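Participant: Based on what follows, work out the 3D shape:
(one chain, ligands or ions: 1)
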Amino acid sequence: MVRTGEQYLAGLRDGRRVFYRGQLVEDVTQHPILRVPCTHSAFLFDLQFDRDLSPPLAVEDGRTGETVCSFYQVPTDREALRGRAELIEETTKRSGAVFNIVKVIGSDALFALRIVSRALDQAKGTDYAARVQAYHEKVSREDLATVVAQTDVKGDRSLRPQQQRDPDLYVRIKERRPDGIVVRGAKAHITQAPVADEIIVIPSRAMTDADYAVAFAVPANAPGLTMICRPLLELEGARHPLEGPRVLRHALVEALVIFEDVFVPWERVFLAGETEFAGPLAHMFALWHRYTAISYRAAQADLIAALGLEIAEANGIADRSHIRRDLVDLILFAEIQRMAARVAASEHKVDGLTGVCYPNPLYVNIGKLYSNTHYLSALQALIDCAGGLAITAPSGDDFANPNLRPLLEKYLAGSPQVSSEKRFKLFLMLRELVGLLGGLESVTMVHAEGSIEASVIELLRTYDFASSRVLVDRLVGETA
Ligand SMILES: Cc1cc2nc3c(=O)[nH]c(=O)nc-3n(C[C@H](O)[C@H](O)[C@H](O)COP(=O)(O)OP(=O)(O)OC[C@H]3O[C@@H](n4cnc5c(N)ncnc54)[C@H](O)[C@@H]3O)c2cc1C
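Facilitator: Okay, the predicted model is just below:
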């Protein structure tokens, strides 16, 4: 059964060990900063009851007849795959253009696990696929907020896990017991882990040492689990409601997630030592999650493009040639990502063993690479449309002061077509984006869902040059 936001929030009061700015947080839902990431995720739960949402978020499970969250439904055809991207885009838009990640990223990992565990079982005679399926059914039936911890802290990047001076710099199996495994290590930047029900852990790369080839799931309050949050500077800096139109209602928290000898029973272990399947699992998750990325980023790109247009109009320069070029850059930033997601769905692949329909890696990686490498130039185009008030506008408190407001309305007037109040609010929204969120979004757009190099490597690994080589070779007489 799908849960309401309130039901989800109640589940977070479970003794989890979360730190914010050096302090242990008693209850994440009541914390002055962390309550925003909580209500952001709760909003996704409430959207399940929104009859206007298209496609709908709550759907009937064909197998059980229960109402479940659509994100947990395995896509088996192009329409389902495309509908998933549309839903990610739409739920992002409804959430103030902040990606509403829980369940989406969890299902990205579950789809990858379903595909890889079946191949693993076939090769090795193991029973991982049944465990993955049972766990998948549980999180779908109980409507749990799942997140994914893939990125190890990694230490010296030039060394493999087993070559590091400290063996815990990649999450590893420390002990194998008859009833399960004990894991140790840490994963970095894990989005919404402090406000999740479940954390799904998968390898970050191909592994050559059995102890590092490990995948499993733990509840967020598992004994031995500690989460240290990043400070939400964007929220701490938005002192007046006008200054945080997005972040005061919708924000994400990332955390360093530390596993200090966490016990995981076998039914929650999905890979334990089969090194040759760590790489395929890491890649398959990355593929699903990059498809998600270009879908939520298209929604955010729409916001940036519309903001560029509106601020240019407020400045009276929307028809000037260099601004028109800026606006075209913003259109391209939105539509190339959306186009990549659509083509990736229509040119999808089907996994032979499971029948799972997955997005075409070529188009996903093209879209993701474009997104990684063009965010900063999109931001430059937006700032060019706006001018310096994007950062130097007075505060929301100044605007609320009855003595100052007439001065601000007089001296911060722009085009007569747009009220001074609207122009001022647009600037505060811009400052939220480029100032309060600027650092977070810039790093997110370059690194989250995999760095630039990760997409480059994937493109070169999967691109089929064969047919185009024939063209050249024919001309130089190498083939008939
Ligand atoms: C806001 C945000 C949210 C995120 N959310 C999640 C999440 O929910 N779950 C999750 O698992 N991860 C998450 N990530 C992690 C994200 O996937 C990583 O940041 C990304 O993969 C880069 O890894 P890194 O940060 O360790 O940087 P690094 O890998 O250290 O990258 C720094 C540079 O080093 C290069 N480099 C690294 N290793 C090598 C090598 N062996 N050889 C040559 N060059 C190398 C990289 O290409 C890059 O240029 C998130 C990241 C951000 C910023």
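Participant: Let me see the contact set for the residue in the stretch 1-150 of the chain that the ligand sits nearest to.
Facilitator: Evaluated by C-beta to the nearest ligand atom, the stretch 1-150 of the chain has residue 150 as its residue closest to the ligand, separated by 3.4 Å. All C-beta spots, glycine's among them, are computed from the backbone N, C-alpha and C. Counting by C-beta atoms under 8 Å, 6 or more residues apart in numbering, residue 150 makes contact with 109, 187, 201, 202, 203, 204, 282, 285.
Participant: backbone phi and psi for it, please?
Facilitator: Main-chain dihedrals, residue 150, degrees, to the nearest 10: phi -110, psi -40.
Participant: same question, residue 418
Facilitator: Residue torsions, per degrees, to the nearest 10, at residue 418 are phi -130, psi 130.
Participant: How about the one 5 residues further on?
Facilitator: As for residue 423, its main-chain torsions (degrees, to the nearest 10) stand at phi -60, psi -40.
Participant: excluding its backbone neighbours, what's nearest it?
Facilitator: Counting by C-beta to C-beta, 6 or more residues apart in numbering, the nearest residue to residue 423 once its immediate chain neighbours are dropped is residue 314, at 4.1 Å.
Participant: what packs against the helix or strand hosting the one you found?
Facilitator: Assigned by DSSP states H and E, residue 314 belongs to helix 278-315. Counting contacts by 3 or more C-beta pairs under 8 Å, 6 or more residues apart in numbering; DSSP states H and E, helix 278-315 is packed against helix 78-94, helix 104-124, helix 321-346, strand 357-358, helix 361-386, helix 420-431, helix 452-462.
Participant: Let me know whether the fifth one sits next to the ligand.
Facilitator: This points to helix 361-386. No. Counting by C-beta under 6 Å from any ligand atom, the ligand is not contacted by helix 361-386; separation bottoms out at 10.4 Å.
Participant: number of nearby residues for the closest residue to residue 442 other than its chain neighbours?
Facilitator: Distances taken as C-beta to C-beta, 6+ apart place residue 376 nearest to residue 442, at 6.3 Å, with adjacent residues excluded. The number of residues packed around residue 376, counting by other C-beta atoms under 10 Å, is 12.
Participant: Residue 376: what's it in contact with?
Facilitator: 442, 445, 446.
Participant: Put together a markdown table for those, with pLDDT, neighbour count and secondary structure on each row.
Facilitator: Converted to a markdown table, those look like this (pLDDT from 0 to 100; neighbours: other C-beta atoms under 10 Å; DSSP: H, G, I helix; E, B strand; the rest coil):
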| residue | pLDDT | neighbour count | secondary structure |
| --- | --- | --- | --- |
| 442 | 92 | 14 | helix |
| 445 | 90 | 20 | helix |
| 446 | 90 | 14 | helix |
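Participant: Give me the neighbour count for the nearest residue to residue 285 once chain neighbours are set aside.
Facilitator: Residue nearest to residue 285 in three dimensions, not counting chain neighbours: residue 112, with 4.0 Å by C-beta to C-beta, 6+ apart. A total of 27 residues lie near residue 112 under the criterion other C-beta under 10 Å.
Participant: repeat for residue 329
Facilitator: When counting by other C-beta under 10 Å, one arrives at 17 neighbours for residue 329.
Participant: Quick check: it vs the ligand, distance?
Facilitator: 23 Å (C-beta to the nearest ligand atom, to the nearest Å).
Participant: what do you get for residue 326?
Facilitator: In terms of C-beta to the nearest ligand atom, residue 326 sits 26 Å off from the ligand.
Participant: mind starting the numbering at 6 from now?
Facilitator: Renumbered: residue one is now 6, and that last one reads residue 331.
Participant: Next up, the contacts around that residue.
Facilitator: 313, 317, 386, 387, 389, 390.
Participant: Can you list the low-confidence ranges for the stretch 206-355 of the chain?
Facilitator: Across the stretch 206-355 of the chain, nothing is flagged by pLDDT under 70.
Participant: interface residues of it facing the ligand?
Facilitator: Residues of the stretch 206-355 of the chain lying near the ligand (C-beta under 6 Å from any ligand atom): residue 259.
Participant: How about the stretch 206-355 of the chain: which residue is closest to the ligand?
Facilitator: Closest point on the stretch 206-355 of the chain to the ligand, by C-beta to the nearest ligand atom, is residue 259, at 5.1 Å.
Participant: Would you confirm that that residue contacts residue 192?
Facilitator: No. Under the criterion of C-beta atoms under 8 Å, residue 259 is not in contact with residue 192, lying 10.6 Å apart.
Participant: More neighbours: which of those two?
Facilitator: residue 192 (24 against 21).
Participant: do you know how far the residue lying closest to the more buried one once chain neighbours are set aside is from residue 28?
Facilitator: Leaving aside its chain neighbours, residue 192 sits nearest to residue 154 (3.8 Å; criterion: C-beta to C-beta, 6+ apart). Separation of residue 154 from residue 28 (C-beta to C-beta, to the nearest Å): 23 Å.
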